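Asker: please work out how this folds:
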Amino acid sequence: MSTPTAIVAKSLREQVYDHLRAELRHGRLDTGAFLDLNRLAADLGVSRTPLRDALLQLEVEGFVTISPRRGVAVRCLEEADIRELYELIGALEAAAVAAVGPTVSAEDLARLRELDRLAQSAIERGDQATFYEHNAAFHDFFLERLGNGRITGLVHAKKQQLYEWNRRFERLHVSWERSGLEEHESFLRLLEQGAVPEAAAYLRDVHWGFQVQEAFVREAYFPERP
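Answerer: Predicted coordinates for the structure are as follows:
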């Protein structure tokens, strides 16, 4: 007789957190505005305690700002924030590549190219979810091989800030995504040649280089600006 699978129910705090993340992702919480916590708690049918705990987690992740006397405000993602996130993600992913690059085999390179091929096909179909799935798997390959859960968790959290903020990435930014896949191939060629330090630097300074990506960033995040 097989052992039944345990069902793990989410805590109230986790449910409130998931709800707020969805609201942020779909742009239903105004950036820069202070939240009416009493109304929010009433709408959710919860006390202030799980709401407060969820908001504290969102503050740690950089989505809101909690001011002792003013309340809780949804943060605006500004260009300076994006620059700092790029620098951090680029540095951490490059460190992972520098550490594990010498272990990358021909089979690994073939798998990474297959992920890029699948991502390219998703772009052609206009399939945003599948594109991001394969693109994330490409980058996670190096983090997973490094095996440092803290680094992986931090990189994932910072990418959530970049990509799950007020509907900025509810559609594919085709030119940017295609450019990124071309950069992946240049990066893989360096690894193929055994040029691991150069590959790590390319990932940091080009693929995650804010100055290199600045025009795409402005088009995607701030299309209303001249």
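Asker: when you work out contacts or count neighbours from here on, use the C-alpha atoms and nothing else.
Answerer: Fine.
Asker: show me where this protein has strands.
Answerer: In the chain, the segments counted as strands under DSSP state E are 64-67, 71-74.
Asker: pick the most buried one from those.
Answerer: When neighbours are counted by mean count of other CA atoms under 10 Å, the highest per-stretch mean among the strands of the chain falls to strand 71-74, a mean of 19.
Asker: now the strands of the chain in JSON lines, with distance to Leu109?
Answerer: Supplementary listing: the strands of the chain in JSON lines, determined by distance: least, CA to CA, whole Å:
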{"stretch": "strand 64-67", "distance to Leu109": "39"}
{"stretch": "strand 71-74", "distance to Leu109": "41"}
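Asker: so can I have a markdown table of those showing mean pLDDT?
Answerer: Compiled in a markdown table, the strands of the chain are given as follows (pLDDT from 0 to 100):
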| stretch | mean pLDDT |
| --- | --- |
| strand 64-67 | 88 |
| strand 71-74 | 88 |
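Asker: quick one, which of these is nearest to Leu51?
Answerer: In this view, the strands of the chain are compared for proximity to Leu51 by CA to CA, and strand 71-74 is the closest at 11.2 Å.
Asker: what helices and strands are in contact with that closest one?
Answerer: Secondary structure elements in contact with strand 71-74, counted by 3 or more CA pairs under 8 Å, 6 or more residues apart in numbering; DSSP states H and E, are strand 64-67.
Asker: again, only this time at 10 Å
Answerer: Strand 71-74 makes packing contacts with helix 48-60, strand 64-67 when contacts are defined by 3 or more CA pairs under 10 Å, 6 or more residues apart in numbering; DSSP states H and E.
Asker: for these, which one sits closest to Ala215?
Answerer: Shortest distance between Ala215 and these, using CA to CA, is found for strand 64-67: 26.5 Å.
Asker: list the residues that contact the residue nearest the centre of the chain.
Answerer: To find the centre residue of the chain, average its C-alpha atoms and take the closest one (CA atoms, centre = their mean): that gives Lys159, at 1.9 Å. Taking CA atoms under 10 Å, 6 or more residues apart in numbering as the definition of contact, the neighbours of Lys159 are 85-86, 89, 136, 153.
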